[in-house]
Structure formats: C-alpha cells, structure tokens
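Peer 1: dropping the sequence and predicted coords here.
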Amino acid sequence: MSPTPPPPLLKPDLLARPGRYAARVIARERLRRVRRAAPAGERPPAEDALHDFRVALRRLRTWLRAFAPELDDTVGRGTLKRLHRISRRTGDARDLEVQRHWLAQPTVRLGRLASGAAAALAERLEAEGIDALARALALMAEELPLAGSKLDRQLRKYEVRVPLDAALGEPSMAVALGRLLRAGAVEVRRTLEAVQSPEQVLEAHQARLAVKHLRYLLESLGAGFRGGPRAVDRLAALQDALGVLHDRHLLLERVRREANEVRAPSPGQPTRRAYTALQSAVHRSMLSEFGRAMRPGRGREAAAALKTVERIAGALLTTTGTP
C-alpha cells in the first residue's frame, strides 16, 4: 500500500498566531487533501486510493472535533454531519472487506466445519461489500462537493470581538494545542487502563479512538519538537494494534449473529454447529490480538510516547510556540 501523504504542519509562525486563525489554516489544508484524495471516475477505486481518502478524512474530522471551540462560530453542524456520513459509509465498506479477507486467510487454524462456514460467510460478505462500496461512492459523489465547498467557505473567515477592558488577547495556537495534547495524554492513559479483558469491546474501541486522536494532533507538529516523530510512530503502532483488535471484535459479533440466525440450513449450507466452530476460531484470534495490543499499550513504548507528549505540551504552554 502506498504511504499516505503527511498532514500539514504547524510551523512556529502558526503556533504563535491566535488559535482560531491557525486552526482554520490547518483545517483548510486538511480539507484540500480530502478533496484531492477523493476517488474520481474509478469503479471500484484502487485500494490505495480509498485508503488514502479515508485517512485524510479521519485527519480532517479529528482536527475539526479537537478545535471545535475555535471553529464552531462559523463551522456548522450540518457540514460535520455530512462528513460523518461519508466516513461511516466508507468505513462500513472497509470493515466488510477486512472481515472477508480474514475469513479467506485466517490467522488461526480452522477445522473442517469452521472452514465451510468461513467460505460461505466470505462469499456473502463479498457481495455485501460490493454493495456497501457502491453506496459509499454514491454518497461521496453526492455529499462531498457540497460539504467541501461549504466547509471551505466557513473556514475562510471569522469575527473577533475585543472588549476594551480585556487584559489579554486570544490564546495562541501553541496554548490551544498544548492543552489538547495534555488532555489527550490523560485520556489515552485512562482508556488503556480501563481495558482489562478481551471482552471489553467498548473500552478497547474508546482506547483506540483516544490514541488515534492524540496521534493526529501530535503529528501536526512534525519534527519541530524533540522526540515528537518517535512518539507519533509509537502511537501509530498502538493504534494499529488496537485497530486489528477492533476488527476481530466486529468479525466475532458478525459470526455470532450468523450462528444465532441459523434455523434449518439448506443442503450445502453451514449448520449452527459450523458457525459455532468458526466463532471459537475467531475468538482465539481475538485473544491473540488482545495480547498484541496490550503489550505496547501497557509497556514502555506507550509510556515513553505519553511522557514525550506531556513534555511537548508543557513546552507549548510555556512558550510562544517556538521549539
């Protein structure tokens, strides 16, 4: 898979500018990359193209959510909802493809019964995935041009009201980002500590989102602060591990539904027993992925990354933003 283009960076001059100004500059650049990455004319689009679009859209939405206090005087909820719908639809298509791929190439050994159920479900998911992708592309073609143009207009300007007796000006971008990084590190620690067993689906999902949001904020600084790129890499590895665990949780839930819905299968179709065997296999895979995710999450790698984040946050909060 081709590497996703790096996000726009907060240079020292932007860090020293008001948060409401700098947040819009970066948001507009992230929006530009979303629109540029949108698949056009390919049916279906290349795997790399759809992946790059989804990553660009995630970065934009994370930024808009993080800086909502700086942006919500001009950025409307309707625009954000459109972006959310596009993200959800493309995510549905991606999830089905990941599940189908595991069923075709499982990471644990399947017996005869489980293999039969896996093959039948993979065939079903392939058809569902084609339909989901078509719906996602149709929604993207319908919603993205309007949402993108509207968001760009909303980001182009804002009003500043200055009370005559105000002692201080607006907080700088350095201060705004420093606060977000500090709060993000606390949230990552809290959510990781909450994941104590492989069955805690919601808790693991929340930990993944917290890690992802912190990573996307930190990477906006590029190499401007010592240790920043290394911390980004560590957070990315943890995000990936938690993402694989999330994928297994989704697949396990789908197989459970299939097992519960089996009544009297027609000849050649998997029985409830076959789906139960497949469920056990997916559960074994999920246990393995839980261990892989929690080792870096509770080890020195994550601790070192969060320590770096807190150091950078402190530097941003006590300077004008110049490294």
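Peer 2: The structure has been received and is ready for your questions.

Peer 1: what is the neighbour count of residue 95?
Peer 2: 18 (other C-beta atoms under 10 Å). C-beta coordinates here come from the backbone N, C-alpha and C atoms, glycine included.

Peer 1: do the same with residue 194
Peer 2: 13.

Peer 1: nearest residue to it other than its sequence neighbours?
Peer 2: Nearest residue to residue 194, sequence neighbours excluded (C-beta to C-beta, 6 or more residues apart in numbering): residue 203, at 4.6 Å.

Peer 1: also residue 34?
Peer 2: In space, residue 34 is closest to residue 56, 4.6 Å off (C-beta to C-beta, 6+ apart).

Peer 1: check the offset of stretch 310-321 from the chain's centre.
Peer 2: Chain-centre distance of stretch 310-321: 26 Å, with C-alpha atoms, centre = their mean, to the nearest Å.

Peer 1: show me what counts as buried in that stretch.
Peer 2: Using 16 or more other C-beta atoms under 10 Å as the test for burial, stretch 310-321 gives 310, 311, 312, 313, 315, 316, 317, 319, 321.

Peer 1: show me what the helix or strand in which residue 124 is found is packed against.
Peer 2: Element membership for residue 124, per DSSP states H and E: helix 112-155. Contacting helix 112-155 under the criterion 3 or more C-beta pairs under 8 Å, 6 or more residues apart in numbering; DSSP states H and E are the following elements: helix 19-37, helix 77-104, helix 228-261, helix 272-297.

Peer 1: CA atoms only: put the shortest one into PDB for me.
Peer 2: Pointing back at helix 19-37 there. What follows is helix 19-37, C-alpha atoms only, in PDB (Å, rounded to 0.1, in the frame of the first residue of the first chain):
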ATOM      1  CA  GLY A  19      -5.700  29.600  17.900                       C
ATOM      2  CA  ARG A  20      -8.800  30.500  15.900                       C
ATOM      3  CA  TYR A  21      -6.700  31.600  13.000                       C
ATOM      4  CA  ALA A  22      -4.200  28.700  12.900                       C
ATOM      5  CA  ALA A  23      -6.900  26.100  13.400                       C
ATOM      6  CA  ARG A  24      -8.600  27.300  10.300                       C
ATOM      7  CA  VAL A  25      -5.400  27.400   8.300                       C
ATOM      8  CA  ILE A  26      -4.600  23.800   9.100                       C
ATOM      9  CA  ALA A  27      -8.300  22.700   8.700                       C
ATOM     10  CA  ARG A  28      -8.400  24.200   5.200                       C
ATOM     11  CA  GLU A  29      -5.300  22.400   4.200                       C
ATOM     12  CA  ARG A  30      -6.600  19.100   5.500                       C
ATOM     13  CA  LEU A  31      -9.900  19.700   3.700                       C
ATOM     14  CA  ARG A  32      -7.900  20.300   0.500                       C
ATOM     15  CA  ARG A  33      -6.200  17.000   0.900                       C
ATOM     16  CA  VAL A  34      -9.500  15.200   1.400                       C
ATOM     17  CA  ARG A  35     -10.900  16.700  -1.800                       C
ATOM     18  CA  ARG A  36      -7.800  15.800  -3.700                       C
ATOM     19  CA  ALA A  37      -7.800  12.200  -2.400                       C
END
